[in-house]
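Peer 1: compute the structure for the input listed below.
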Amino acid sequence: MSVVRRAQKQHQSMVCANRTKDTRDRTYLQTAKAYLYAPNGNCTKVMCLFDTGSQRSFVTKGIADSLGLTGLSERVCISTLGNNTCHKKLRRVSFSLKGITPNSQAKQINAYCVNRICDTLEENPPVMWEHAKDLNLADDFPRDRCDVDVLIGIDYYYHFLEDDRRRVVDEWLVALRSTLGWILCGQDSRSNYTDTVKVMRIDVGQRCDCGKHRRFGELKSIGIMDQPKTESPAERNDILL
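Peer 2: Numbering: from 1, shown residues only. Sure, this is the predicted structure:
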């Protein structure tokens, strides 16, 4: 009698450790999270961007409409990088901004409503600078990509910024003290290392035609079956008679 054996699988695991070096320069904009308070009492958390290259401050229409901010429309001239000057009629609203850090002071500003301020901000990494770990940063580290809700131009820039600056990395990455918290800005060109571990599992087995072996074993154990006996017409007639 033939015995059919099943093919045994062998499992092999491989572990590979890898360290990636990232030497890309990273520039941090002056961003801060804050609470926006409308005159009617409505409030929401917003992302602010400080920009000394803008003469005026702006807020998105989505935020203004959701909080019920009202104001008169004014005709303004807008000139942006790489584009022609255009004239638009924009609504001017008033609101207050207060930092999410403890003991923050609210500041009232006026801003024009626009559909969009700028592209989505890049994500922030975790805090990896020793000189910044003890600061109440105005933005979150880490933070996912997000949109800018309020742009604070040069007209209100120094209403928020205070006369205090700390070096974080060399002379390029600094922290600025503001009423919204410490604002991290500048360039960081340090090399970042990322350690990764990859595990790969390999299954090794022999190919087995089990069906063929099983049929062969059955034939060997019971023998070759005889062909069924057929009756001749004469024999069938004898049986009927």
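
Peer 1: next up, phi/psi of Ile152, please.
Peer 2: For Ile152, the backbone dihedrals are phi -100, psi 110 (criterion: degrees, to the nearest 10).

Peer 1: now do the one 4 residues further on
Peer 2: The phi and psi values for Tyr156, taken as degrees, to the nearest 10, are phi -130, psi 10.

Peer 1: and the residue lying closest to it once chain neighbours are set aside, which helix or strand is it part of?
Peer 2: In space, and not counting its chain neighbours, Tyr156 is closest to Ile109: 4.6 Å by CB to CB, 6 or more residues apart in numbering. The way it works is simple: take the backbone N, C-alpha and C, and place the C-beta from them, glycine included. Under the criterion of DSSP states H and E, Ile109 resides in strand 107-114.

Peer 1: picking up where we left off before, list the residues that contact the residue nearest to Tyr156.
Peer 2: If you count contacts by CB atoms under 8 Å, 6 or more residues apart in numbering, Ile109 has them with Ser57, Ser94, Phe95, Ser96, Leu97, Ile152, Tyr156, His159.

Peer 1: so among those residues, which ones count as buried?
Peer 2: Ser57, Phe95, Ser96, Leu97, Ile152, Tyr156 (16 or more other CB atoms under 10 Å).

Peer 1: closest to Trp172 among those residues?
Peer 2: Ile152 (22.7 Å; CB to CB).

Peer 1: count of residues packed around Arg26?
Peer 2: Residues near Arg26, counting by other CB atoms under 10 Å, number 15.

Peer 1: can I take it that Ala64 is in a helix?
Peer 2: Yes: under DSSP: H, G, I helix; E, B strand; the rest coil, Ala64 sits within a helix.

Peer 1: so what's it closest to, chain neighbours aside?
Peer 2: Setting aside the residues directly before and after it, Ala64 is nearest to Cys113 in space (CB to CB, 6+ apart), at 4.8 Å.

Peer 1: my guess is the one you found meets Leu90, correct?
Peer 2: Yes: Cys113 is within contact range of Leu90, at 5.9 Å (criterion: CB atoms under 8 Å).

Peer 1: circling back: any chance of the buried ones among the contacts of Ile109 in CSV, with pLDDT and distance to Asp140 too?
Peer 2: CSV is the format used below for the buried ones among the contacts of Ile109 (pLDDT from 0 to 100; distance: CB to CB, whole Å):
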residue, pLDDT, distance to Asp140
Ser57, 98, 22
Phe95, 98, 22
Ser96, 98, 21
Leu97, 98, 17
Ile152, 98, 18
Tyr156, 98, 23
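
Peer 1: of all these, which comes closest to Asp188?
Peer 2: Taking CB to CB as the measure, Asp188 lies nearest Ile152 of the buried ones among the contacts of Ile109, at 22.9 Å.
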